[in-house]
Structure formats: structure tokens, C-alpha cells
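Colleague: Sequence and predicted structure are below.
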Amino acid sequence: MYFIKKLLNPELFQGKYQTKNYFEGWYYKLVTKDEKHSIALIPGIAYDKEGKGHAFIQMIDRLTYRTEYYRFPINAFDFSGNSFDITIGNSNFKQNQLTIDLSKQAYPIEGHLTFNEIESFPKKLLRPGIMGPFSFVPFMECYHGVVTLHQRLSGTLKINQQTIDFTDGYGYIEKDWGRSFPDWWVWLQSNHFSEDKTSLMFSMAKIPWLGNHFTGFLSFLKHQEKLYLFATYTGAKIKRMNYQEGQIDVEITDRNYQLNISGHYDQSGILKAPKNGLMERKIAESISSLIHVTLKDKTGKILFEDDGKNAGLEVVGKPLEDKK
């Protein structure tokens, strides 16, 4: 049954029966081996309240922080009901590869990348994805999924007539779906640390539900084969969250650990985000920020401390005022 299958596999297309006030998008961040070039590609679909829909591919290029929004008719979108396999026009997106063909656009991109050494977000029956039991809660404004914590890249992309070799670079995939992005949120992510296969994500947002709202958050640190998960549903708490003049500082605690994340917001580009299915909201995103991460146990012993580079970072709205 498709409903059960998609619920247990968040990476699959979730919107098979959604044709009004709905969006869904997958976020690919791709970084070259020398870390001099990175790009984010976001394929997706969007339907307004009247049921008028379109498919899209968004792009943000770190070199110039140029962004592009490539729009397609809704019939250019296709998907597999059995696996993560999304097609938009002549482009195809999967968990283990992507093919992009925007060669006839004003800002052309084309090429093929394959992914290996893939580490997916670990699943459990009551935690099919990063949202844990909230995955099963209906009427949420927005759902979030982490597809891969990291993957090794192979292949090239031709971006505006410049061929970029991504071989032995690093990638990351996540996704969102629902009606709208929250009124405010903070999101950061990096999987470029001094030790390979280390990955971190933190997201906090105002979450409306059934006429009320609450502040919820999700975070994980994957290091040396161990996943440290911090979230509203695990009982973890945000002890401190400051954002001022491009500097962010977060402290999260649970019964066993303390996770501190600090970062500096770098240059950004403007992307489109959904509001009631319409891709009309404009947000700023950096994909070149720097973060510092420290994990301690309850005795204060440092279990992990390192700097994360090429970090994705968004601070949208006024989270601090709302949290107070």
C-alpha cells in the first residue's frame, strides 16, 4: 500500500494525491574535493490553492552566489512509487545519482554525478525519519526528512559553460514537504569536518498545529559510527539560542550529552520558499558558512570538537523574539 510505504520511507515522493496547497522539494548539496566550488540543487513541485501546479529546479552557486529558478509544467514531473526516483524534464534525481539537463536555459547546467559510500539516515519502526514519531502526526504545516548524511561524488557538471569536476567531493541530501515553510526557522548543516563521514544538522522552527503553535527542533551529530540525536521528541532541550550580527550560538542538552554549535553566517543567495504551496517567499541561504561543534558528556568530558566548513545556514524570521 503506497500510503504505508511512503510513510516509512520519507525520501519517496509524498504528494501522490496532493494537488492543492502543496509543495515538495529535495535538497542536494554538492562540494568539490578541493572545496573551492559547491552548488545546491533543489528539484520539486508546487501547487497553489486553486490546484495550479508547476515543477521546478532551483540552484545556488557558491562561487558567485547566483541563484536560478527553472520552472517546468507540472506534466514534466514524474516519480517512482517504489524508490526515490524523481524526473523533471530531462533531469533525473535519485539517492545514488543525478542527471541534470538545463542546457537550453539562460544559465545552463548539465552533467551526471554518481554517489557512492552513501550513508542514509538510519530508520526504525517508530522513527522512519529525522522527525521520529512526528512523522505520523497529521495536519503538520511542513515535514522534514534527511535522506543521506553524506555520500562520495563522482562525475562532472558543466555550469554556465564551465566544467567542474566533483569526483571525490562530498554530498548531502534532505527534503521538505507540506503546505508552507514555518513563519520563522533556523537551519544549519555541515558534513565537512576534519574527519570524514562526520555530519551535523540543526533545525529549529515555529510549528503551527491545530490552531496553536510550539517551538520544535531537530538535530543530529554523526561521528565515528555513532548517531547522537537531539530533538523535541527525545526530551532534549535548547538551553541557549542566540543570533546576532551574523553569529549564531546554540546549546542543546539531554540526559546524557551537551551539544554546542556556534557559527558565522557567510555570503548568501536568494532562494524561493513555499507559502500555501506558492513558491513566492524569498529567503537567504549561505552554503559557505563556518561552524564550531562541541559534544560533551554529563561529566564535561569532550567527546567531539571540530570545525565544520561549507555549512548551509538559514536564519529566517525572528526566532529569538518568538522564543522569549
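Modeller: Looks like it arrived, so ask away.

Colleague: mind listing what's buried in the lengthiest strand in the chain?
Modeller: Determined from DSSP state E, the single longest strand within the chain is strand 278-297. Buried residues in strand 278-297, defined by neighbour count with 16 or more other C-beta atoms under 10 Å: 278-279, 283-291, 293, 295-296. For the C-beta atoms, the positions are set from N, CA and C on the backbone; glycine is no exception.

Colleague: Could you work out the most separated pair of these?
Modeller: The distance between the two most remote of the buried residues of strand 278-297 (C-beta to C-beta) is 43.5 Å, for L278 and K296.

Colleague: contacting residues around V137?
Modeller: W209 (C-beta atoms under 8 Å, 6 or more residues apart in numbering).

Colleague: Distance of M140 relative to P182?
Modeller: 10 Å (C-beta to C-beta, to the nearest Å).

Colleague: between these two, what contacts are shared?
Modeller: Once C-beta under 8 Å, 6+ apart is applied, the residues that M140 and P182 both contact turn out to be I207.

Colleague: ok, the two, which is more surrounded?
Modeller: A count of neighbours by other C-beta atoms under 10 Å puts P182 above the other of M140 and P182, at 21 against 18.

Colleague: can you map out the strands along the stretch 101-250 of the chain?
Modeller: Secondary structure of the stretch 101-250 of the chain (DSSP state E, counting those that start in this stretch): strands at 109-120, 142-159, 162-165, 170-178, 185-190, 199-209, 212-223, 226-231, 237-244, 247-253.

Colleague: Given the third one, what are its sheet partners and their directions?
Modeller: For strand 162-165, the pairing partners within the sheet under DSSP bridges are strand 142-159 (antiparallel).

Colleague: how about the CA coordinates for the strand it pairs with, as PDB?
Modeller: C-alpha atoms of strand 142-159 as PDB (Å, rounded to 0.1, in the frame of the first residue of the first chain):
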ATOM      1  CA  CYS A 142       5.800  21.200   7.000                       C
ATOM      2  CA  TYR A 143       7.600  17.800   7.200                       C
ATOM      3  CA  HIS A 144      11.300  17.400   7.100                       C
ATOM      4  CA  GLY A 145      13.400  14.400   6.000                       C
ATOM      5  CA  VAL A 146      17.200  13.700   5.900                       C
ATOM      6  CA  VAL A 147      17.900  11.300   3.000                       C
ATOM      7  CA  THR A 148      21.700  10.900   3.300                       C
ATOM      8  CA  LEU A 149      24.100  12.100   5.900                       C
ATOM      9  CA  HIS A 150      26.900  12.100   3.300                       C
ATOM     10  CA  GLN A 151      28.000  10.500   0.000                       C
ATOM     11  CA  ARG A 152      31.100  10.500  -2.100                       C
ATOM     12  CA  LEU A 153      30.700  12.100  -5.500                       C
ATOM     13  CA  SER A 154      31.900  11.100  -9.000                       C
ATOM     14  CA  GLY A 155      31.500  13.000 -12.300                       C
ATOM     15  CA  THR A 156      31.300  16.500 -13.700                       C
ATOM     16  CA  LEU A 157      28.800  19.300 -14.100                       C
ATOM     17  CA  LYS A 158      29.000  22.000 -16.700                       C
ATOM     18  CA  ILE A 159      27.800  25.100 -15.000                       C
END
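
Colleague: and that strand with strand 226-231, angle?
Modeller: Taking axes from the mean of the first three to the mean of the last three C-alpha atoms, to 10 degrees, one finds strand 142-159 and strand 226-231 inclined to each other by 130 degrees.

Colleague: what about strand 142-159, distance to the chain center?
Modeller: 9 Å (C-alpha atoms, centre = their mean, to the nearest Å).

Colleague: Report the mean per-residue pLDDT for that strand.
Modeller: In this model, strand 142-159 carries a mean pLDDT of 97.

Colleague: Would you mark the buried spots in it?
Modeller: 142-155, 157, 159.

Colleague: which other residues reach the lengthiest helix in the chain?
Modeller: In the chain, with assignment by DSSP state H, the single longest helix is helix 2-8. Identification of contacts with helix 2-8 by C-beta under 8 Å, 6+ apart yields L12, F13, Q14, K16, G81, K123, P128, S135, F136.

Colleague: and T87, what element?
Modeller: T87 is part of strand 85-88, with elements assigned from DSSP states H and E.
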